[in-house]
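Colleague: Okay, predicted coordinates and the sequence, questions at the end:
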Amino acid sequence: MAETFSSTRREVPAADIAVAEENLRVLRHTSQRNAIKRMAHLREMLLVMIRGIGRSRLREMILSNFGSDEWYEIFSAQAPDFTLHNRGTEDLADAVFFCREVSRELWGDLPEQTVISQLLAELHGQNLSEPFAVSPTVACVQSRLTDQVLSAVFSPEVRVRTRYHGSFRDACEEVAAAQADIALLPIENESNGFLNSFFSLLERYELKIIAAAECGNASESPVGYEKEKWNRFLFLCREYVVHPSMRASEPSSYVLDLILPFRSQVPVASILGAAQMCSLKIRRIDGIGAVLRGMHYVSLYAAEQTIDTLTFLVFLLLFVPQFDVLGIYPNFVKELE
């Protein structure tokens, strides 16, 4: 009769366990030392670039890569071991470290929020708008919910002038035509989730997201959409704005909304891994090919804008040049009446 499993078990000798643990400890120590060496070599590579072409030229080359594969191809040819084709976590960590060092060398002396706003404006060939005047004009579709959203986001010192329209398209058109400062647009709700039809207005009118408001207990709907229940609104402008004068309260987080191609040199999983290394968390991911010609919509968030947010933008510029930024903006959360 065959022996049962319990009768054939043997205890693993403690000495063997100790040897295995010691081997793992040595490997961890070796890995840590190698990581320190890699970081030193990566920083030296950056300093060699700066000595060779200067900070201004390096910054110019990185920014000119937006929407082009030229820098990535040059970089891959010069440093083939530094590309991210099917590489592991260690290579991704090296890339993020390199981008963090680039951020510090090129923009380290400036406030992060200002640098990020300037970068976004420059990448899109726009001027960076100053904060709104004390009475910005907001184009929107009238409802009690809309008024509550505005009062939840704008501080009492800001005298908001509202211009009501019969459709959200008309509101976006008014902002695109410079007849209003901000368009207020619903983008998500509890009933239907992500609203692709409204999202397409951003692309059509080339508007930029400058803030968002997540609103709970909303029971009233905008005119013409009586059956819907709105949860999240976007504040849209023609150009990026430095520190928009809203701040009725502190934002709960800062959101980075991206458009990523379905096919790129770097897999989406690696891009999200880099975001995590930069202290960015995933808010949502959608495939919106019907709206944006085969692209991923990726929304990330962080508690505040730091050098890590700038690092991630540099990572995208170097390794995922076909990306686009819809906005990096404060996200407000308000429980409505």
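Modeller: Done, it's in. Quick caveat: nothing in here was measured; it's all calculated off a predicted structure. Numbers count the residues shown, from 1 in each chain.

Colleague: Now do the strands in the stretch 201-337 of the chain.
Modeller: 208-216, 230-237, 253-261, 281-287, 295-302, 324-335 (DSSP state E, counting those that start in this stretch).

Colleague: Okay, now the sheet partners of the longest one, with direction.
Modeller: Paired with strand 324-335 in the same sheet, following DSSP bridges, are strand 208-216 (parallel), strand 253-261 (antiparallel).

Colleague: Now it: buried residues?
Modeller: 324, 325, 326, 327, 328, 329, 330, 331, 332, 334 (16 or more other CB atoms under 10 Å). The C-beta positions use only the backbone N, C-alpha and C, and glycine is treated the same way.

Colleague: And these, which is closest to residue 26?
Modeller: Closest approach between the buried residues of strand 324-335 and residue 26, by CB to CB: residue 328, at 43.4 Å.

Colleague: OK, contacts around the closest residue in space to residue 332 that isn't next to it in sequence?
Modeller: Using CB to CB, 6 or more residues apart in numbering and skipping residues adjacent in sequence, the residue nearest residue 332 is residue 213, 4.7 Å away. Listed by CB atoms under 8 Å, 6 or more residues apart in numbering, the contact set of residue 213 reads 149, 152, 153, 232, 233, 235, 331, 332, 333, 334.

Colleague: can you rerun that using 6 Å?
Modeller: 149, 153, 233, 332 (CB atoms under 6 Å, 6 or more residues apart in numbering).

Colleague: what's the closest of those to residue 204?
Modeller: Closest approach between these and residue 204, by CB to CB: residue 233, at 18.2 Å.

Colleague: how about the helices in this structure?
Modeller: 5-8, 14-53, 55-64, 70-78, 89-107, 112-123, 144-153, 168-176, 196-205, 268-277, 289-292, 307-319 (DSSP state H).

Colleague: Can you lay out the ones you listed as TSV showing distance to residue 252 and mean pLDDT?
Modeller: Output for the helices of the chain, formatted as TSV (distance: least, CB to CB, whole Å; pLDDT from 0 to 100):
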stretch	distance to residue 252	mean pLDDT
helix 5-8	54	45
helix 14-53	34	75
helix 55-64	31	78
helix 70-78	35	61
helix 89-107	25	84
helix 112-123	16	76
helix 144-153	12	79
helix 168-176	25	94
helix 196-205	22	82
helix 268-277	19	91
helix 289-292	27	50
helix 307-319	16	87
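
Colleague: picking up where we left off before, can I get the contacts of residue 213 in TSV including distance to residue 49?
Modeller: Formatted as TSV, the contacts of residue 213 follow (distance: CB to CB, whole Å):
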residue	distance to residue 49
149	47
153	43
233	43
332	40
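
Colleague: So what's the predicted local confidence for the spatially most central residue of the chain?
Modeller: Of all residues in the chain, the one closest to the mean position by CA atoms, centre = their mean is residue 256, 2.6 Å from it. Per-residue pLDDT puts residue 256 at 91.

Colleague: what does the one 10 residues further on give?
Modeller: At residue 266 the predicted local distance difference test score is 80.

Colleague: Compare the mean pLDDT across the strands paired with strand 324-335 and name the weakest.
Modeller: strand 208-216 (a mean of 83).

Colleague: for it, which positions count as buried?
Modeller: Those would be 208, 209, 210, 211, 212, 213, 214, 215, for strand 208-216 by 16+ other CB under 10 Å.

Colleague: hang on, the earlier thing: figure out which of the strands paired with strand 324-335 is closest to residue 37.
Modeller: Here strand 253-261 is closest among these (CB to CB), at 32.0 Å.

Colleague: now the angle between strand 281-287 and the closest one, please.
Modeller: 30 degrees (axes from the mean of the first three to the mean of the last three CA atoms, to 10 degrees).

Colleague: what's the angle from strand 253-261 to strand 295-302?
Modeller: Using the same axes, to 10 degrees: strand 253-261 against strand 295-302 is 160 degrees.

Colleague: Would you check the distance separating strand 253-261 from the middle of the chain?
Modeller: The chain centre lies 3 Å from the centre of strand 253-261; the measure is CA atoms, centre = their mean, to the nearest Å.

Colleague: And for stretch 183-197?
Modeller: For stretch 183-197, the distance to the chain centre is 19 Å (CA atoms, centre = their mean).

Colleague: Now the terminal residues of that stretch, how far apart.
Modeller: Stretch 183-197 has an end-to-end distance of 16 Å (CA to CA, to the nearest Å).
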